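Student: attaching a predicted model along with its sequence, questions to come.
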Amino acid sequence: EAGVVQSPRYKIIEKKQPVAFWCNPISGHNTLYWYLQNLGQGPELLIRYENEEAVDDSQLPKDRFSAERLKGVDSTLKIQPAELGDSAVYLCASSLGTGGYNEQFFGPGTRLTVL
Amino acid sequence: RKEVEQDPGPFNVPEGATVAFNCTYSNSASQSFFWYRQDCRKEPKLLMSVYSSGNEDGRFTAQLNRASQYISLLIRDSKLSDSATYLCVVNWGNSGYALNFGKGTSLLVTP
């Protein structure tokens, strides 16, 4: 079974440039998450989708970050414009359901470097 | 105040040793608890869920103390392959099912 797919794996951009990350969850997983992980820290939730609906985006910096999951399958996270402090690993995860004990499966992440 | 606190690492132990990691959480309404493992430059993967009665999976034992808001992970007979970062994870459960991660504790098992 294919896992969570993310692309690109690495991205280097200059500050003020836009950047987009793509995620394809495990087939049949209705819940999709985007996390940000800084070096030496645990992942922090940015946004959670149930199907195509963003049900928790309270931690998403909406002035520069946006996300979409138009058909309830794959998702895109965008930053515009990027800042130096956005350098981090962006992780996508998916789960079969929304219950608290549903295992979340993570993709390999996109490592963003903003110069 | 960090909502999920873990022991500062790194832990350097010889093969065969027993090592314990501790974690505390601030939200008394937390409903589910996990340990995730993250290898260097890889994604986190679920190691085990933590139940109130405690649970064991081979060399790994997890304990939960709701009264003290405390979670532990015990690894017996450490293997070189156990070297990784162990993330304590708590789900508040009241407004959704986002996971709240600790910073992680780094374990290095040496020959």
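Tutor: Sure thing, it's come through.
Student: what sits against residue 89?
Tutor: You didn't say which chain, so I picked chain A. Neighbour list for A:V89: A:36-38, A:109-112 [criterion: Cβ atoms under 8 Å, 6 or more residues apart in numbering or on different chains]. For every residue, glycine as well, the C-beta is placed using N, CA and C.
Student: that's the other chain; I wanted chain B
Tutor: A:42, B:4, B:33-36, B:99-102.
Student: nearest residue to it other than its sequence neighbours?
Tutor: Counting by Cβ to Cβ, 6 or more residues apart in numbering or on different chains, B:F34 is the residue found nearest to B:V89 once chain neighbours are left out, at 4.2 Å.
Student: list the beta-bridge partners for the spatially most central residue of chain A.
Tutor: Geometric centre of chain A, nearest residue: A:W34, 2.9 Å, by Cα atoms, centre = their mean. Beta-bridge partners of A:W34, counted by DSSP bridges, are A:I47, A:C92.
Student: could you do A:V5 as well?
Tutor: If you apply DSSP bridges, the partners that A:V5 bridges to are A:N24.
Student: I'd say it and A:S27 touch.
Tutor: No: applying Cβ atoms under 8 Å, one finds A:V5 not in contact with A:S27, separated by 10.7 Å.
Student: list the buried ones in the lowest-mean-pLDDT helix or strand in chain A?
Tutor: In chain A, no helix or strand scores lower on mean pLDDT, DSSP states H and E than strand A:53-56, which sits at a mean of 89. Counting neighbours by 16 or more other Cβ atoms under 10 Å in any protein chain shown, one finds that the buried residues in strand A:53-56 are A:54, A:56.
Student: note down every partner strand of it and its orientation.
Tutor: Here, using DSSP bridges, strand A:53-56 pairs with strand A:44-50 (antiparallel).
Student: can you count the residues close to A:V73?
Tutor: 17 (other Cβ atoms under 10 Å in any protein chain shown).
Student: circling back: pLDDT check: weakest of the contacts of B:V89?
Tutor: The lowest pLDDT within the contacts of B:V89 belongs to B:L99, with 81.
Student: ok, and the closest non-adjacent residue to that one?
Tutor: B:V89 (4.9 Å).
Student: just the element for that neighbour, please.
Tutor: strand B:84-91 (DSSP states H and E).
Student: once you drop chain neighbours, what's closest to the closest residue to chain A within chain B?
Tutor: Of all residues in chain B, B:F101 sits closest to chain A, at 2.9 Å by Cβ to the nearest Cβ. The spatially closest residue to B:F101, leaving aside those adjacent along the chain, is A:G42, at 2.9 Å (Cβ to Cβ, 6+ apart).
Student: residues touching that neighbour, list them.
Tutor: B:4, B:87, B:89, B:101-104.
Student: out of these, list just those in strands.
Tutor: If you go by DSSP state E, those have B:4, B:87, B:89, B:101 in strands.
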